[in-house]
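# pasting the structure only:
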């Protein structure tokens with residue numbers, strides 16, 4: 001074996017090692033998935049015409065710089081509709097303008113977006129400024145999915161097709 005062969009083999013081994021180390025870092029990131037069913041109970045059961053087979057899956061994944069990636073996927077959604085999705089911070093109902101047990105302005109640092117469906121599923125993903133641990137253990141809020149068949153009304157939880165504690169089972 002000559003010097004060139006040894007050098008090439010060393011470089012190949014170094015590249016493979018670096019690849020394995022970077023994969024290990026990705027595998028070390030925490031991730032957790034939470035499932036939500038249609039809003040039929042809780043603070044205000046849904047009233048409307050949307051099919052009750054809709055469900056949601058929320059996945060929180062640790063990312064760099066003490067932030068998180070938050071992804072929500074809707075299943076059995078209405079094709080070609082747009083669903084508003086977001087988090088509301090919990091609050092004392094006696095302190096909110098409409099007596100809701102949450103702040104009526106969505107918390108865009110946690111989750112706020114829209115899912116446009118082209119089939120019966122759709123997803124939205126955003127980076128949250130909160131850490132994985134904060135979102136999955138200390139954040140006190142609700143996950144909300146609005147009915148696309150009704151006007152958006154953050155003061156009326158009976159228009160929410162999905163409503164549940166954010167990132168909790």
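That came in fine, so what should we check first? On a predicted model such as this, the values are computed, not experimentally measured, just so you know. Numbers count the residues shown, from 1 in each chain.

# Helices along this protein, start to end?
Assigned helices in the chain, in chain order: 3-27, 132-133 (criterion: DSSP state H).

# Okay, now the unreliable bits of this structure?
Counting by pLDDT under 70, the ranges of the chain that qualify are 1-27.

# Okay, strands next: where are they in it?
31-36, 55-63, 67-75, 82-89, 112-116, 121-128, 141-146, 160-165 (DSSP state E).

# what's the closest of those strands to residue 95?
Smallest distance to residue 95 across the strands of the chain (C-beta to C-beta): 11.7 Å, for strand 82-89. Backbone N, C-alpha and C define where each C-beta goes, glycine included.

# Kindly present the strands of the chain as a markdown table, with separate columns for distance to residue 96.
A markdown table is the format used below for those (distance: least, C-beta to C-beta, whole Å):
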| stretch | distance to residue 96 |
| --- | --- |
| strand 31-36 | 23 |
| strand 55-63 | 24 |
| strand 67-75 | 24 |
| strand 82-89 | 10 |
| strand 112-116 | 18 |
| strand 121-128 | 23 |
| strand 141-146 | 13 |
| strand 160-165 | 16 |
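
# between those, which one is nearest to residue 44?
Each of these has some distance to residue 44 by C-beta to C-beta; the shortest is strand 160-165, at 7.5 Å.

# quick one on the thing from earlier: quick one: the strands of the chain as JSON lines, columns for mean neighbour count and distance to residue 95 too.
Formatted as JSON lines, the entries for these read as follows, by neighbours: other C-beta atoms under 10 Å; distance: least, C-beta to C-beta, whole Å:
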{"stretch": "strand 31-36", "mean neighbour count": "15", "distance to residue 95": "26"}
{"stretch": "strand 55-63", "mean neighbour count": "19", "distance to residue 95": "27"}
{"stretch": "strand 67-75", "mean neighbour count": "20", "distance to residue 95": "26"}
{"stretch": "strand 82-89", "mean neighbour count": "21", "distance to residue 95": "12"}
{"stretch": "strand 112-116", "mean neighbour count": "15", "distance to residue 95": "22"}
{"stretch": "strand 121-128", "mean neighbour count": "17", "distance to residue 95": "25"}
{"stretch": "strand 141-146", "mean neighbour count": "24", "distance to residue 95": "15"}
{"stretch": "strand 160-165", "mean neighbour count": "23", "distance to residue 95": "19"}
